[in-house]
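Novice: Okay, here's the prediction I keep looking at, along with the sequence it came from:
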Amino acid sequence: MVKRCDWATGSPVMERYHDEEWCRPQHDLQKLFEMLCLETYQAGLSWQTVLNKRAAFRRDFDDFDIAKVAAMTPADIDRLLTDPAIIRNRRKLEATVNNAQVLANWPAGPDFATWLWAFVGGQPIRHAVQSTDQIPATTDLAQHISREMKKRGFKFVGPTTIYAFLQGAGLVNDHVLSCDWAPENK
C-alpha cells in the first residue's frame, strides 16, 4: 500500500502533485515561475482549489511564459478578471505580471534559479518530520528570502507563501518520515 503525506491523500490531483512535484528539486526558470505564481494564488485558499485551476492558469498565462506574462497590460488583467476558470483576484493577477517583469529584467550575474538555490547552499534542506502538523508554516529562511525578493521588486511573496514555494520547488523537503517519497525511504 502506498504511503503519502496526509495532506495529499483522497484526491487524484493532490496525489499526483505530491508524487510528481512536491519537494522535488526544480531549477527550470519557467517552472519556478509557475510554482511561485501558484503559491501566490493559494494565499487564503486551499491548495486543491489552486491545482484544480492550474490548467486554466496555464492557458491564460501561455504556460507561464515569462516574457509573455511580463508584457501583459491592465486590459489583459481586466480580461482575466472575467475568466471564472481561474482565481480572479486583481492583486494576485497584478503580482503575477509584476513578478514576471522582475524575472524578465533580472540583472546580470547569477540567474534567478542560481540566486534562489544559493540560499540553501545548492542542496535541499531536509526536515525529518513525523507528521504533517510538525511542518512549519514558515521559517527564518523563508522570512529572509521573502525580504530579499521584496527588495528585488517581487510582490505577494510573504514568508508563508515563500515557505510553500520552497517546498514546492524542492529547496525544502518536508515529506513525513513514513511517506514513500521521503528521501529516507528511497
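Specialist: Cool, got the structure.

Novice: Helices of this structure, start to end?
Specialist: Along the chain, the segments classed as helices by DSSP state H run 12-20, 29-42, 47-60, 66-70, 74-80, 90-104, 112-118, 140-151, 159-168.

Novice: Export the ones you listed as TSV, with columns for distance to Ser178.
Specialist: All C-beta atoms are positioned from the backbone trio N, CA, C, and that covers glycine. As requested, the helices of the chain are exported to TSV (distance: least, CB to CB, whole Å):
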stretch	distance to Ser178
helix 12-20	13
helix 29-42	25
helix 47-60	20
helix 66-70	38
helix 74-80	41
helix 90-104	34
helix 112-118	28
helix 140-151	25
helix 159-168	17
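
Novice: ok, Asp76 - how many residues close by?
Specialist: Residues lying near Asp76 (other CB atoms under 10 Å) number 16.

Novice: how about the nearest residue to it once chain neighbours are set aside, what does it touch?
Specialist: Spatially, and ignoring its direct neighbours in sequence, Asp76 is nearest to Val97 (7.7 Å; CB to CB, 6 or more residues apart in numbering). Contact partners of Val97, counting by CB atoms under 8 Å, 6 or more residues apart in numbering, are Val69, Ala70, Met72, Asp76, Ile77.

Novice: For the third one, what are phi and psi?
Specialist: Summarising the backbone geometry of Met72 under the convention degrees, to the nearest 10, its torsions are phi -70, psi 150.

Novice: All good on my end, thank you.
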